[in-house]
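Participant: Got a sequence here, can you build the structure:
(one chain, ligands or ions: 1)
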Amino acid sequence: MDSQQEILDRLAEGVREMDEELAVQASYEALENKIDALTAINQGLVVGMNEAGFLYEQEEYFVPELLLCSDAMYAGLDVLSPHIQRNTAESKQKVVIGVVEGDTHDIGKNLVKLMLEVADFEIYDLGRDVPAVDFISKVKEVGADIVCLSTLMSTTMDRMADVIELLKKEGLREQVLVMIGGGPISQAFANRIGADAYSENAIGAVKDAKRLLSEKRVAI
Ligand code: B12
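Facilitator: Now for the predicted structure:
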């Protein structure tokens, strides 16, 4: 039997090497070997996607390669996601999530969405390239507790501030928590635009969401 680390390495390799078949096969192996599905995702598939990102920055990979890597990652996710242990909360907290206007990178957003779903949040996914007004309409429509904004590009970071400004203008800012994340985002940027939390990965996003909601409950 292969060690856990060997299987995690194969998951990463499947994604990095654009090998959908390997990603799927290693995902089944992970399950057969009782590797926790979340561990397989975060320490296998996501590692491979990050390695692909590194190769892109080294100009060894280009856009077509990245798309094939993300296909392999999603193929692995399809196998693993149904096996994630889910919490069942009594009343679900509502999260509106999306990638801000001008940006179409959605792999990270989809991972944050998946982790929040697993933690039993009710998710309203607006997709990518989402205008600020669409976030506001959805927050109003569903009475959201949290808005999660994602962007991977420095050129679209300021669109996050637009969403926060519009929430203020509409008198909604006190009702809804704002969490932000993505490659160029930092805690300093979050402080500057007045977001409630920044997290560098999907697991941190779930922790922050729970922490912010419990702090809000105490404050009420
Ligand atoms: C994959 C990728 C693509 C894919 C995207 C596929 C898809 N459907 O998403 C494709 C090939 C389509 C693509 C296109 C482009 N890309 Co691109 N892409 C990348 C790459 C290599 C990896 C991104 C990724 O998916 N990482 C893996 C995921 C798992 O990580 P993540 O997104 O960071 O998400 C994690 C955290 O950030 C966090 N997180 C994310 N969102 C949120 C939200 C919240 C609320 C929280 C709490 C946390 C959180 O949790 C996530 C999971 O742990 C990056 C380089 C890099 N190393 O990041 C460039 C990069 C982002 N791309 C870049 C560029 C320039 C482009 C293009 C403009 C290229 C072009 N000339 O056409 C276009 C974009 C067009 C547009 N308008 O959107 C630049 C951006 C530069 C900048 N301005 O800042 C980068 C940084 C590459 C570079 N160094 O130049 N790209």
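
Participant: any idea how far Arg16 is from Gly183?
Facilitator: Look at Arg16 and Gly183: by CB to CB, to the nearest Å, they are 18 Å apart. Bear in mind the C-beta positions are built from the backbone N, C-alpha and C, glycine included.

Participant: Get me the contact residues on this structure for the ligand.
Facilitator: 46, 49-50, 53, 56-57, 63, 66-67, 70, 102-109, 111-112, 148-150, 152-155, 179-184, 199-202, 205 (CB under 6 Å from any ligand atom).

Participant: what's near enough to touch the residue nearest to Gly143 when sequence neighbours are not counted?
Facilitator: What sits nearest to Gly143 in space, not counting adjacent residues and going by CB to CB, 6 or more residues apart in numbering, is Lys94, at 6.6 Å. Contacts of Lys94 were listed using CB atoms under 8 Å, 6 or more residues apart in numbering, and they are Phe121, Glu122, Tyr124, Val142, Gly143, Ala144, Asp145, Ile146.

Participant: Return the member of these nearest to Val130.
Facilitator: Distance to Val130, by CB to CB, is smallest for Tyr124 among the contacts of Lys94, at 11.2 Å.

Participant: Show me what the closest one is bridged to.
Facilitator: The bridge-partner assignment for Tyr124, based on DSSP bridges, gives Val96.

Participant: isn't it right up against Ser137?
Facilitator: No - contact criterion CB atoms under 8 Å: Tyr124 and Ser137 do not qualify, at 10.7 Å.
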